[in-house]
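Using only what follows, build the 3D model:
(one chain, ligands or ions: 1)
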Amino acid sequence: MSSLYKEKSIRIHALVHAILQFLESKRGRFHGIDLVLKKMQTIDLSLHTVIDSKPCDTRHASILAEAIENITAPHLRGIANCLKQARHDLIWREDNAQFYTPQSDVGDGYRNCNLHSLLVGPDACGFNAKDFSLGLFMLGPRTLYRDHAHHAPELYVNLSPRSGWRLSTEVWEDYNAGSVIWNAPDTPHATRSYNDPFLSIFVWLENIDSICRVVPFPDWAEIENDLSRNVL
Ligand SMILES: [Fe+2]
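Model prediction:
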């Protein structure tokens, strides 16, 4: 085992276990978190199983750095510190609507600045797992991630101080750092970032190969316009 791989493995292992520790601290309080913890118990997350993957940086590196710097909530300090250490060990990828049905209108805002890194799952840079995904997800500032739905049940833990969510209603609500979002299968949801980038942990519990579909809402253009003018 090379010393580089060993050092990298230690940092990725620490990051995943910091996330696990946060989820453990919420055990019994969120049904979705209990389901995630149950699934993660079946996955080997020991140090020697960290995948020897080649890191991949991103064109959004400065926005990502800002998003990580903005994780200041005391109860997220463990995750923030580990993420600062492991950031350059990870594979960062963009979604070019490849998870969507063809011709899906995901919008330019999302296309211009979305980013994720898969820590646990098939093709992850941390740990291998079948039909389960856990990773980090980022949106650039003033971005609407349009309403969409998928068969996979989904959990988010918001790391950023403020993000907007529309969860199977017409009403937008702001959530703070450490808040938990649960999207049941096929339930529409949308996210928006404000003046700062948005960073979160995401989990797809099962049916991870299911395709996403956008759920049209008449106010997308208006919201995107308001976000671009920074009036929200
Ligand atoms: Fe989703």
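
Mind checking the pLDDT average for the lengthiest helix in the chain?
Ranked by residue count and defined by DSSP state H, the top helix of the chain is helix 3-25. Average pLDDT, helix 3-25: 97.

again with stretch 173-189
On average, stretch 173-189 scores 97.

same for the longest helix of the chain, what does it pack against?
Using 3 or more C-beta pairs under 8 Å, 6 or more residues apart in numbering; DSSP states H and E, the elements in contact with helix 3-25 are helix 31-40, helix 77-86, strand 114-120, strand 154-158. Placement of C-beta: from N, CA and C, glycine included.

10 Å - rerun?
helix 31-40, helix 77-86, strand 114-120, strand 133-139, strand 154-158, strand 198-204 (3 or more C-beta pairs under 10 Å, 6 or more residues apart in numbering; DSSP states H and E).

So for Thr187, which of those sits nearest?
Nearest to Thr187 among these is strand 154-158; the distance by C-beta to C-beta comes to 8.7 Å.

Can I get the closest one in CSV, CA atoms only?
C-alpha atoms of strand 154-158 as CSV (Å, rounded to 0.1, in the frame of the first residue of the first chain):
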residue,chain,number,x,y,z
GLU,A,154,-33.8,10.8,-0.7
LEU,A,155,-32.3,12.4,2.3
TYR,A,156,-30.5,15.8,2.5
VAL,A,157,-28.5,17.2,5.4
ASN,A,158,-28.0,20.9,4.6
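
From Leu4, how far out is the most centrally placed residue in the chain?
Per C-alpha atoms, centre = their mean, the C-alpha nearest to the average position across the chain is that of Phe137, at 2.8 Å. Per C-beta to C-beta, to the nearest Å, Phe137 is found 27 Å from Leu4.
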